[in-house]
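Engineer: Pasted the sequence and its predicted model underneath.
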Amino acid sequence: MVRIIDGKSVADGIKDDLRGRVRQLKESGVVPNLSVILVGGDPASQVYVRNKEKGCESIGMLSNIVCLPESASVDQIIAEINRINSDMSVHGLLVQLPLPKGLNERAILDVISPEKDVDGLHISNMGRLLKGEAALFMPCTPQGIMELIMSTGISISGKHAVVVGRSNIVGKPISLMLLAANATVTICHSKTEAIDNVIRSGDIVVVAVGRPKLIKGNSIKDGAVVIDVGINRQGGKLVGDVDFDSAKDKASYITPVPGGVGPMTIAMLLKNTIISAERSLKNRSA
Ligand code: GUN
């Protein structure tokens, strides 16, 4: 019998804990504060940024959205990042992705102060994750996925984890985190041959490709834990990268879309920003 992993409920539990930490920080005179830079008018990004803002508000944190036009240059964006880097009242800074075409993402992300890089996408934080060293921050969606897998109580060590998708924001970092948890990890992508056979050998399957209902139940091993990162609009409905109706008959645990990974990404972003605020307080008193 499949069990649905309720991401909203796990995220709510984490947010309850974070509310207490925000209260404590405020008692010490620190209000955790997140800045988000949004370049251009991508409708999905606007919704995601608004949700981040609402998330901050819901636990008593401050947030500030900096909107720049589609035509903004790399230099303009970097100037804004530098301004926020040196603003001591801001603890977390992220640049919403994807950036408009033609902008050099790497050049922009690597200007963010690693101490404020709550998205964990700065080269030094990603490099530390690659080396298995403690990164200052790790990317939010993969952190949320790890929490959801751990919430099932299954042991990750020794399991075969199959990750479908190789993005910098999900596929690569979740592969490294699963490896650090002693899983045997296979990364699949659009060029993988006999991909269904590979996926069918996964005890844990994480799918992050952005293609509606790509993975069907007949590609899922009996009893696998299935984590669906996709958020796709299909016929006015949100659907994942996994065909939920057929996959649920094979999986032991599965995340729904919406209500699975999505709420966890925001919870981890809030958590990272609070960790940054707690560090700033420690440094102040050191
Ligand atoms: N776009 C979609 N997800 C994310 C995320 O986690 N961080 C950033 N910066 N952009 C995103």
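Structural biologist: That came in fine, so what should we check first?

Engineer: so how many other residues sit close to Ser246?
Structural biologist: 15 (other C-beta atoms under 10 Å). In this view, the C-beta of every residue, glycine as well, is placed from N, C-alpha and C.

Engineer: what are the phi and psi values for it?
Structural biologist: Main-chain dihedrals, Ser246, degrees, to the nearest 10: phi -80, psi -30.

Engineer: and the gap between it and Glu278?
Structural biologist: 44 Å (C-beta to C-beta, to the nearest Å).

Engineer: same deal with Val226?
Structural biologist: On the measure of C-beta to C-beta, Val226 and Glu278 end up 34 Å apart.

Engineer: These two: which is more packed in?
Structural biologist: Neighbour comparison, Val226 and Glu278: the larger count goes to Val226, with 28 against 17 (by other C-beta under 10 Å).

Engineer: Help me confirm that that one is found in a strand?
Structural biologist: Yes: counting by DSSP: H, G, I helix; E, B strand; the rest coil, Val226 falls inside a strand.

Engineer: what does the stretch 151-286 of the chain have sitting close to the ligand?
Structural biologist: Neighbours of the ligand within the stretch 151-286 of the chain, by C-beta under 6 Å from any ligand atom: Ile169, Thr265.

Engineer: Would you map the strands across the stretch 151-286 of the chain?
Structural biologist: Assigned by DSSP state E, counting those that start in this stretch, the strands in the stretch 151-286 of the chain fall at 160-164, 184-188, 204-207, 225-228, 232-234, 237-239, 253-254.

Engineer: Make JSON lines out of these and add mean pLDDT and distance to Lys54.
Structural biologist: Converted to JSON lines, these look like this (pLDDT from 0 to 100; distance: least, C-beta to C-beta, whole Å):
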{"stretch": "strand 160-164", "mean pLDDT": "99", "distance to Lys54": "30"}
{"stretch": "strand 184-188", "mean pLDDT": "99", "distance to Lys54": "33"}
{"stretch": "strand 204-207", "mean pLDDT": "99", "distance to Lys54": "26"}
{"stretch": "strand 225-228", "mean pLDDT": "98", "distance to Lys54": "23"}
{"stretch": "strand 232-234", "mean pLDDT": "95", "distance to Lys54": "20"}
{"stretch": "strand 237-239", "mean pLDDT": "97", "distance to Lys54": "17"}
{"stretch": "strand 253-254", "mean pLDDT": "98", "distance to Lys54": "27"}
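
Engineer: and the lengthiest helix in the chain, how far from the chain's centre?
Structural biologist: When the chain is scanned for its longest helix (criterion: DSSP state H), the result is helix 261-285. Put simply, helix 261-285 sits 13 Å off its chain's centre (C-alpha atoms, centre = their mean, to the nearest Å).

Engineer: Identify each buried residue in it, please.
Structural biologist: Neighbour-count burial for helix 261-285, counted by 16 or more other C-beta atoms under 10 Å, picks out 261-278, 280-281.

Engineer: what residues are up against whatever residue of the chain ends up closest to the ligand?
Structural biologist: Closest residue of the chain to the ligand, C-beta to the nearest ligand atom: Leu97 (3.6 Å). By C-beta atoms under 8 Å, 6 or more residues apart in numbering, Leu97 lies in contact with Ser45, Glu105, Ile169.

Engineer: ditto for Glu115
Structural biologist: Going by C-beta under 8 Å, 6+ apart, the list of residues near Glu115 reads Leu136, Ser276, Arg279.

Engineer: do that again at 10 Å, thanks
Structural biologist: Asn85, His91, Gly92, Leu93, His122, Asn125, Leu136, Phe137, Ser276, Arg279, Ser280, Asn283 (C-beta atoms under 10 Å, 6 or more residues apart in numbering).
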